[in-house]
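J.: give me coordinates for this.
(2 chains)
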Amino acid sequence: MPLLSLNNCTIQFGGLVAVSELILDVNANDLIGLIGPNGAGKTTVFNMITGVYQPTSGEIFFDKRNLVGKKPHQISHIGIARTFQNIRLFPSLTVYETVQVALKKNISYGFFHAITQFDAMHRQENRIKETIFEILDFFGLTRFKDEMATSLPYGFQRRVEIVRALATKPRLLLLDEPAAGMNPSEKKELMALISQVREHYKCAILLIEHDMKVVMGICERIAVLDYGIKIAEGSPHEVQCNPHVIEAYLGEQV
Amino acid sequence: MKCHLPKLYLLLSLILCGIILIFEKNISPYYYQVIVYIGINIILASSLNIINGFAGQFSLGHAGFMAAGAYTSAVITSSMHISPGSLASYPAFLFSLICAGIIASLFGLMVGIPSLRLKGDYLAITTLGFGEIIRVIIQNLDFLGAARGFTGIAKLSDFFWVFGIISILIFLVYNLINSTYGKGFLAVRDDEIAASAVGIDVTRYKVIAFVFGAFFAGIAGGLYAHFVTYINPSQFGFLRSFEIVVMVVVGGMGNIIGVIISAAILTILPEALRSIAQYRMVIYALLLVIIMLLREGEFLGGRFNIKRLWKKSPAET
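T.: Next comes the predicted model:
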């Protein structure tokens, strides 16, 4: 039984079929790459899984629960976290607060406890504080904790975004082009980070990436999308040799 | 240690309110009135700051919530025939203020629900319209005095009530915004998609902001009604809403201390300019423009952290 399975998912925007009849399974502990030329519908797949868009037809099952019709915050609570292609950090929050917001589902007190500061709240807040420091420590961000998240160097912003996603304790992590705009040394750090995350958080990862060195280097399985249709799936080597994939990227042979 | 600071603050400020009470008899009626107006405007601006500043929902209907509260509490105390100074007046007034808050927050709920579908300028216009609707409805209800206004309200508001409620409001807002729960408001303001991706129910947060903000706007309305003793619908027009929005913007959206200071300054300013009669509003408007040009980022240079007054922000260094 796969952790996440997309059954014949189609999404249409007016006359445009962005993703067509997509079948994709992600097992627990998988690290799967999702690649394809620009406009192939990769980010749309992410948006469908996380509830930003609703599929026109088809089903999405995560841990035996149907995700279709659920709102993004509900899907986050079920255990799927994501990052965004163009970094979406909170401009007015520090690194510490960014992680804190992501830990919101760990608190059980409500609005009235928050405004009146009941004791139950203090216990929970102290626990949250410990958790934040643990997380920041693990990812080497403690020295930046009081910096505004958006004022950090690019590579660190990506890292904060991944940390924010992981703070929600997901069972599936969706990374949308994590290496975009990074220099080679940052990419190396990113690859190390991803394998570190897998080891420590034991979550499945689905990764969109254009950088073939990163994708081929860390993914065990790769799915290729072109014009919303899955044209290939398999190990990195299989995909590299697949004539459909070569055609999609380089064009037909003359 | 940090956790008990707000409670200590609440205690101290309530004691301070008691001390002020002793001296209030010695203050000339004119200054007394200005100071009470400052207090009421601080409550209005701070409560709007929850909606506009923290949750980022630009609302222009705050005077509508204030009107709802003012009329609710006025009806309650008038029907009880409360005489000022009697022992029964304190619990009765408290009761009427709470009812004022509840009725206003019901209106807040009604505005909050359309706000889930609207953003930015569209939301601003909707809330503006909503505030006007409340005013026009009151204008046509005969038992509220219609356009003639509601007369004979007991003069129950004084320093104790106004500043006591400010203390409580600031205590609640400060706690809220420093809790993990409250940080969600800032996340919703900054980026709704990212906020929902980390499990924050954006809808719920927006509605809570409207309900909470409207509650205190209603209380401010109640205090106002029981200070001026006569209210009519034209006191709660959209100009009133704009005045409150200006206080929040000048003070810095989401800046608790900045908004308090700007509410005080912008209440005193037109009074201080009274001596130049006809040029008063010209100078007032000009000063507003100058303030907006001169301020850097936010009025006090910080969101709510007074430390940032002397600590350079990372952007400057």
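
J.: so which elements touch the helix or strand harbouring B:Phe210?
T.: Element membership for B:Phe210 (DSSP states H and E) is helix B:202-228. Packed against helix B:202-228 by the contact rule (3 or more CB pairs under 8 Å, 6 or more residues apart in numbering or on different chains; DSSP states H and E) you find helix A:111-116, helix B:29-48, helix B:62-80, helix B:89-112, helix B:159-178, helix B:180-190, helix B:192-197. Backbone N, C-alpha and C define where each C-beta goes, glycine included.

J.: mind running it again at 6 Å?
T.: Where contact means 3 or more CB pairs under 6 Å, 6 or more residues apart in numbering or on different chains; DSSP states H and E, helix B:202-228 is packed against helix B:29-48, helix B:62-80, helix B:89-112, helix B:180-190, helix B:192-197.

J.: for the residue sitting nearest the centre point of chain A, which three-state class applies?
T.: In chain A, the residue lying closest to the centroid (CA atoms, centre = their mean) is A:Leu174, at 1.9 Å. Three-state call for A:Leu174 (DSSP: H, G, I helix; E, B strand; the rest coil): strand.

J.: ok, what's across the strand from it?
T.: Note on A:Leu174: beta-bridge partners by DSSP bridges are A:Arg82, A:Leu206.

J.: I figured it hits A:Thr83, correct?
T.: No. A:Leu174 lies out of contact with A:Thr83 (CB atoms under 6 Å); the separation is 7.2 Å.

J.: count the neighbours of the nearest residue to A:Ile60 once chain neighbours are set aside for me.
T.: Excluding the flanking residues, the one nearest A:Ile60 by CB to CB, 6 or more residues apart in numbering or on different chains is A:Leu67, at 4.3 Å. Using other CB atoms under 10 Å in any protein chain shown, A:Leu67 is surrounded by 22 other residues.

J.: what sits against A:Arg143?
T.: Counting by CB atoms under 6 Å, 6 or more residues apart in numbering or on different chains, A:Arg143 touches no other residue.

J.: let's see 10 Å
T.: Going by CB atoms under 10 Å, 6 or more residues apart in numbering or on different chains, A:Arg143 touches A:95, A:136.

J.: please apply the same query to A:Ala248.
T.: The neighbours of A:Ala248, taking CB under 10 Å, 6+ apart as the test, are A:35-37, A:40, A:224-227, A:229, A:231-232, A:242.

J.: which one of those is nearest B:Leu118?
T.: Closest approach between the contacts of A:Ala248 and B:Leu118, by CB to CB: A:Ala40, at 33.5 Å.

J.: and the closest residue to the closest one other than its chain neighbours, what's its pLDDT?
T.: Closest residue to A:Ala40 apart from its sequence neighbours, by CB to CB, 6+ apart: A:Leu225 at 4.2 Å. pLDDT recorded at A:Leu225 is 88.

J.: contact partners of the lowest-mean-pLDDT helix or strand in chain A?
T.: Within chain A, no helix or strand scores below helix A:111-116, which has a mean of 78 by mean pLDDT, DSSP states H and E. The contact list for helix A:111-116 (CB under 10 Å, 6+ apart) reads A:107, A:118-122, A:124-125, B:6-7, B:168-169, B:171-184, B:204-205, B:208, B:211-212.

J.: any buried residues in the helix or strand just after it, and which?
T.: With elements assigned by DSSP H and E, the helix or strand that comes after helix A:111-116 is helix A:119-138. Buried residues in helix A:119-138, counted by 16 or more other CB atoms under 10 Å in any protein chain shown: A:121, A:124-125, A:128, A:131-132, A:135-136.

J.: circling back to that earlier point, run the chain-centre distance for the least confident helix or strand of chain A.
T.: 32 Å (CA atoms, centre = their mean, to the nearest Å).

J.: next, work out how far apart the nearest residue to B:Ile168 once chain neighbours are set aside and B:Asn175 are.
T.: Leaving aside its sequence neighbours, B:Ile168 sits nearest to B:Leu10 (CB to CB, 6+ apart; 7.2 Å). Going from B:Leu10 to B:Asn175 by CB to CB, to the nearest Å gives 10 Å.

J.: just to revisit the earlier point, selecting buried members of the contacts of helix A:111-116 in PyMOL, what would you type?
T.: Of the contacts of helix A:111-116, the buried ones can be selected in PyMOL as follows, counting by 16+ other CB under 10 Å:
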select buried, (chain A and resi 107+121+124+125) or (chain B and resi 6+168+169+171+172+173+174+175+176+177+178+179+180+181+182+183+184+205+208+211+212)
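
J.: count the residues that sit near A:Val101.
T.: The tally of other residues near A:Val101 (other CB under 10 Å) stands at 27.

J.: repeat for the one 10 residues further on
T.: By other CB under 10 Å, 16 other residues sit near A:Phe111.

J.: quick revisit: show me the contacts for the residue nearest to the centre of chain A.
T.: Residues near A:Leu174 by CB under 10 Å, 6+ apart: A:4, A:26, A:34, A:43, A:45-47, A:49-50, A:80-84, A:165, A:204-208, B:197.

J.: tell me which helix or strand A:Val19 sits in.
T.: Using DSSP H and E, A:Val19 sits within strand A:16-26.

J.: check B:Gly85 too.
T.: B:Gly85 belongs to no helix or strand, assigned by DSSP H and E.

J.: surely it is in contact with B:Lys155?
T.: Yes. Under the criterion of CB atoms under 10 Å, B:Gly85 makes contact with B:Lys155 at 9.4 Å.

J.: just to revisit the earlier point, shared neighbours of B:Leu10 and B:Asn175, which are they?
T.: Common contact partners of B:Leu10 and B:Asn175 (CB under 10 Å, 6+ apart): A:Gln117.

J.: what domains does the record give for chain A?
T.: Listed by automatic domain parsing, the domain ranges of chain A are A:1-79+A:169-254, A:86-168.

J.: now the end-to-end length of stretch B:173-191.
T.: Taking CA to CA, to the nearest Å as the measure, stretch B:173-191 stretches 21 Å from start to finish.

J.: which helix or strand lies directly C-terminal to the helix holding B:Phe210?
T.: Sequence order places helix B:238-251 as the next helix or strand after helix B:202-228, per DSSP H and E.

J.: report whether that following helix contacts chain A.
T.: No. Helix B:238-251 lies out of reach of chain A by CB under 10 Å from any CB of the partner chain, never closer than 15.4 Å.

J.: packing partners of that helix?
T.: Applying 3 or more CB pairs under 10 Å, 6 or more residues apart in numbering or on different chains; DSSP states H and E, we find helix B:238-251 packed against helix B:29-48, helix B:62-80, helix B:120-139, helix B:202-228, helix B:256-272, helix B:280-294.

J.: let me see the contact set for the residue lying closest to A:Leu4 once chain neighbours are set aside.
T.: Nearest non-adjacent residue to A:Leu4, counting by CB to CB, 6+ apart: A:Val26, 4.2 Å away. The contact partners of A:Val26, by CB under 10 Å, 6+ apart, come to A:2-6, A:32, A:49, A:62, A:172, A:174, A:204-206, A:221, A:223.

J.: again, only using 8 Å
T.: Neighbour list for A:Val26: A:2-5, A:32, A:172, A:204, A:206 [criterion: CB atoms under 8 Å, 6 or more residues apart in numbering or on different chains].

J.: picking up where we left off before, list the residues that are in contact with both of A:Leu174 and A:Thr83.
T.: The contact sets of A:Leu174 and A:Thr83 overlap at A:Ala165 (CB under 8 Å, 6+ apart).
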